[in-house]
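Colleague: what shape does this take:
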Amino acid sequence: MKLPQPAPDFDAIFQQIAEDNRFRPVLQLADRLRTETRYLHWDEIRWRPVRSGFTYEEWWAALKLKRKAAYRQIPLLDKSGKAFSYYIADVVQELLHDIDSGAGGFIGIPDPITNPQTRDRYVVSSLIEEAITSSQLEGAVATREVAKEMIKSGRKPRDRSEQMILNNFFTMKYIMEIKDQDLTAKLVFDIHRHVTANSLEKPDAAGRFRTDDELIRVTDSEGLVYHDPPSADELDARMVQMCDFANGRSPKAFVHPVIRSILLHFWLAYDHPFYDGNGRTARALFYWSMLRSGYWLFEFVSISSILVKAPAKYARSFLYTETDENDLNYFIIHQTEIISRAIKELHAYIERKRKQVLDVEAQLKYLRRLNHRQQALMIHALRHPFQEYKIASHQRSHGIAYGTARADLLELVELDLLEQGKRGKAMVFEANPQLQERLKELSKKGGK
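Modeller: As a prediction, the model looks like this:
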């Protein structure tokens, strides 16, 4: 990826504007500029048609005047001691509203992830998806099918890629356990150990800061430097400041919880405090912050599954911030768009699953072999896949004899729709884990 051209020095432009006696028209242009529908970087603006009667530099100066008037600083400083800044652009306001209404409350949340019978299945599915795609962003090459098989079967990883994915899976589970704790350096180190276990070239680098002699830079495959992080001797102090920010102790002004989570993601990635695993740790901290702030839906949302589709845009949002006076809006806008898309994809996924269940339910009427009691039980099992059934409860539900109820359930076992087991001395029945597929097979055969 090509490095973006850094924005021209604002003070130098303004000095030239003053010398050319162009101060008044530039101020008037700034007043006329409408709300930005796209937050453009200098690297993009310099290729667009310029406003009539103005140079590109004057147009940029007018735009920056409008932005600078709204900037708010955060405690994160760059290597030269200059603060990073942001403001809530209109496009972000709208996205934050979508995120708040779609991820923080219960209105409109699909039943499968509020239903205790089914939510765990969706949690595990989301954890696996985030584990795989977050690792793919950092170079893991294991396929989704192989990774899912490894996690679900419990087998040991065969290579570094699989180890990274398994580490991310356990890291996300760990994040859910610690979501109510304040962030400390120790907790960040613990997260890093989870992320990097048995996957580092230097095994001793897990859970500690990089050292001065470990020259860590973000580069491409040809050695082009994208980011040169702060010196290792600053990391202790910077970690304290980051934790204060994460825990809401700074700054004094209100910071929207989603924005704080996004900025925490950026902060750790910018400081790059570890020998390896910085990106995965940064995304894990984002999840910790979102869950801690009450966005419980993020047990189910995977942002990396969106990021991995366009990794260059993800990288460019970092670069745009660093090459335009530490303006964090580039990263904020990119991440709020990603979060909003991830939430919408979760809702769409659950709706697809719901329709699949309804489709199978509709097919039940073609299963002539099943009586109405068995069909009712199958519909219930589709909606409550981990429910246990007993002969006595089936008997009471339909007001039938014990022998009839027993025959109903045993026939469903014979059809491979239920699985039979024991709980103590009692006979219990559970749905076949592949119930939907099995019902579709029987439907195609006409239930014969």
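Colleague: low pLDDT regions in the stretch 101-250 of the chain?
Modeller: Applying pLDDT under 70 to the stretch 101-250 of the chain flags residues 103-122.
Colleague: now do 80
Modeller: For the stretch 101-250 of the chain, applying pLDDT under 80 flags the ranges 102-125, 152-153, 221.
Colleague: tell me where it has strands.
Modeller: Under the criterion DSSP state E, counting those that start in this stretch, strands of the stretch 101-250 of the chain are mapped to 218-219, 225-227.
Colleague: the longest one pairs with which strands, and in what direction?
Modeller: Looking back up the chat, that one is strand 225-227. With DSSP bridges as the test, strand 225-227 is paired with strand 218-219 (antiparallel).
Colleague: before we move on, the earlier item: Throw the strands of the stretch 101-250 of the chain into a markdown table and include mean neighbour count and distance to Thr184, thanks.
Modeller: Where you see a C-beta, it was placed from the backbone N, CA and C, and this is true even at glycine. What follows is these, written out as a markdown table (neighbours: other CB atoms under 10 Å; distance: least, CB to CB, whole Å):
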| stretch | mean neighbour count | distance to Thr184 |
| --- | --- | --- |
| strand 218-219 | 14 | 26 |
| strand 225-227 | 13 | 25 |
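Colleague: in a markdown table: these, plus distance to Ile306.
Modeller: Shown next, in a markdown table, are the strands of the stretch 101-250 of the chain (distance: least, CB to CB, whole Å):
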| stretch | distance to Ile306 |
| --- | --- |
| strand 218-219 | 21 |
| strand 225-227 | 21 |
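Colleague: quick one: closest of these to Glu58.
Modeller: Ranking the strands of the stretch 101-250 of the chain by proximity to Glu58 (CB to CB) places strand 225-227 first, at 30.0 Å.
Colleague: on that earlier part again, among the strands of the stretch 101-250 of the chain, which is nearest Phe274?
Modeller: Per CB to CB, nearest to Phe274 of the strands of the stretch 101-250 of the chain: strand 218-219, 12.4 Å.
Colleague: which helix or strand contains Leu409?
Modeller: Per DSSP states H and E, Leu409 falls inside helix 402-414.
Colleague: relative to Gln16, which of the strands of the stretch 101-250 of the chain is closest?
Modeller: When the strands of the stretch 101-250 of the chain are compared by CB to CB, strand 225-227 sits nearest Gln16, at 30.0 Å.
Colleague: nearest residue to Thr211 in space, please, no chain neighbours.
Modeller: The shortest distance from Thr211 to any non-neighbouring residue, by CB to CB, 6 or more residues apart in numbering, is to Ala232 (5.6 Å).
Colleague: spatially central residue for this protein, please.
Modeller: Nearest residue to the geometric centre of the chain (CA atoms, centre = their mean): Ile303, 2.5 Å.
Colleague: next, count neighbours for Phe170.
Modeller: Phe170 has 15 neighbours, counted by other CB atoms under 10 Å.
Colleague: isn't it up against Thr196?
Modeller: No - in this structure, Phe170 is not within contact of Thr196 by CB atoms under 8 Å, at 11.5 Å.
Colleague: and the contacts of the helix or strand that comes right after the helix holding Leu409?
Modeller: Using DSSP H and E, the helix or strand that directly follows helix 402-414 along the chain is strand 418-423. Residues from elsewhere that reach strand 418-423 (CB atoms under 8 Å, 6 or more residues apart in numbering): 381, 388-389, 409-410, 412-413, 427-432.
Colleague: and the angle from strand 418-423 to helix 402-414?
Modeller: 120 degrees (axes from the mean of the first three to the mean of the last three CA atoms, to 10 degrees).
Colleague: and the top helix by length along the chain, what's buried?
Modeller: Identified as the longest helix of the chain according to DSSP state H is helix 329-363. The neighbour-count check on helix 329-363 (16 or more other CB atoms under 10 Å) flags 329-343, 346-347, 349-350, 353, 357, 360-361, 363 as buried.
Colleague: what's the local residue count around the nearest residue to Leu77 once chain neighbours are set aside?
Modeller: Of all residues not flanking Leu77 in the chain, Ala83 sits nearest, at 5.6 Å (CB to CB, 6+ apart). Neighbouring residues of Ala83 were enumerated by other CB under 10 Å; the total is 14.
Colleague: may I have the phi/psi pair for Ala83?
Modeller: With angles defined as degrees, to the nearest 10, Ala83 sits at phi -80, psi 150.
Colleague: low-scoring pLDDT stretches of the stretch 251-400 of the chain, where are they?
Modeller: Of all residues in the stretch 251-400 of the chain, those with pLDDT under 80 make up the ranges 350, 353-354, 356-368, 386.
Colleague: residue ranges of the helices in it, please?
Modeller: Remark: helices assigned in the stretch 251-400 of the chain by DSSP state H, counting those that start in this stretch are 257-271, 278-292, 304-307, 311-322, 329-363, 372-383, 391-398.
Colleague: the first one versus helix 278-292: what angle between them?
Modeller: Okay, so that is helix 257-271. 160 degrees.
Colleague: and Ile17, what's its pLDDT?
Modeller: At Ile17, the model reports a pLDDT of 95.
Colleague: tell me the contacts of it?
Modeller: Phe23, Val26, Glu58, Ala61.
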